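1. Coordinates for the following, if possible.
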Amino acid sequence: MQHALRCPRRCENMNAPLFANRRLRLPCIAFRVTEVKRRRGDTAHSMYGVKANGLRDLVITTDETLIQFSRVKPTQQTFFLVRPWDRRLLGLPDFSEQLTFADEEESVGDWSESESASDHTDEPSSDSPGEEELSVDSDIHSRSLHLMVHLGQAFSALLVAQQRVGEYKRVASDHNMIAQVKDMASIDIANIRTLDIL
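-> This is a model prediction of the structure:
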């Protein structure tokens, strides 16, 4: 559980995806592929069985010819199955939707009235520093649970192959690659990264 509490703190600071100079800077959770083996099939496309650290095994269909490898016969080229990062996984509010002027005037008016009413009360505040820290810890715990629930669900993954150091190319697939984590312990903070995709 302690590991799960560290993930939201790191994920909160991840940037949004950025497309510039014909490349995509993609914040994601990356799972290193440990095996790619071609499967026999009567389809016009190639089918591959794929294994990745922390994910259940899956089958992908593609027109591309992939390097086959396994733990016994490794390759120098690095492959990842990635889950693109989405801030909604943390359950954080989205402040990009701005209030309209009418809503803003109404909310400011409501705030001013309630503020002026509270200015004249002589009751001491019940908030203490201890309660505030407890509230922050509770919020982090709640976001951690929210993240764990969502990361445990199946997701549409991207398969990327290393081209040069730090640069990757997406492997096109004819169908969505639906992946799922084996268990929450398989997601490490080291999996959270930003990849440059050509």
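2. CA only for contacts and neighbour counts going forward, please
-> Noted.
3. Specify the beta-bridge partners of the residue nearest to Pro84 when sequence neighbours are not counted.
-> Nearest non-adjacent residue to Pro84, counting by C-alpha to C-alpha, 6 or more residues apart in numbering: Cys28, 4.3 Å away. Assessed by DSSP bridges, Cys28 has beta-bridge partners Pro84, Arg193.
4. quick one, what contacts Cys28?
-> Cys28 is in contact with 82-85, 192-195, counting by C-alpha atoms under 8 Å, 6 or more residues apart in numbering.
5. top of the residues you listed by neighbour count?
-> Val82 (25 neighbours; other C-alpha atoms under 10 Å).
6. Need the residues that contact whichever strand or helix holds it.
-> Per DSSP states H and E, Val82 falls inside strand 79-84. The contact list for strand 79-84 (C-alpha under 8 Å, 6+ apart) reads 26-33, 52, 155-162.
7. That one - what's its average pLDDT?
-> What strand 79-84 shows for mean pLDDT is 94.
8. Now do the SS call for Val149.
-> helix (DSSP: H, G, I helix; E, B strand; the rest coil).
9. Helix or strand with the lowest mean pLDDT in the protein?
-> The element with the least model confidence among the helices and strands of the chain, by mean pLDDT, DSSP states H and E, is helix 101-119, at a mean of 53.
10. Next up, phi/psi of Asn191, please.
-> phi -70, psi -20 (degrees, to the nearest 10).
11. how long is stretch 189-198 end to end?
-> Using C-alpha to C-alpha, to the nearest Å, one end of stretch 189-198 lies 24 Å from the other.
12. for the chain, what spans make up the helices?
-> For the chain, the helices defined by DSSP state H cover 2-12, 101-119, 129-151.
13. Export the strand holding Val82 to CSV, keeping only CA atoms.
-> The C-alpha trace of strand 79-84 is given here as CSV (Å, rounded to 0.1, in the frame of the first residue of the first chain):
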residue,chain,number,x,y,z
PHE,A,79,9.8,-2.9,-26.7
PHE,A,80,7.2,-1.5,-24.3
LEU,A,81,3.4,-1.9,-24.0
VAL,A,82,2.3,1.5,-22.8
ARG,A,83,-0.8,2.9,-21.2
PRO,A,84,-1.0,6.5,-22.1
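14. Make 39 the starting number, not 1.
-> Right, with 39 as the first residue, what we last looked at is strand 117-122.
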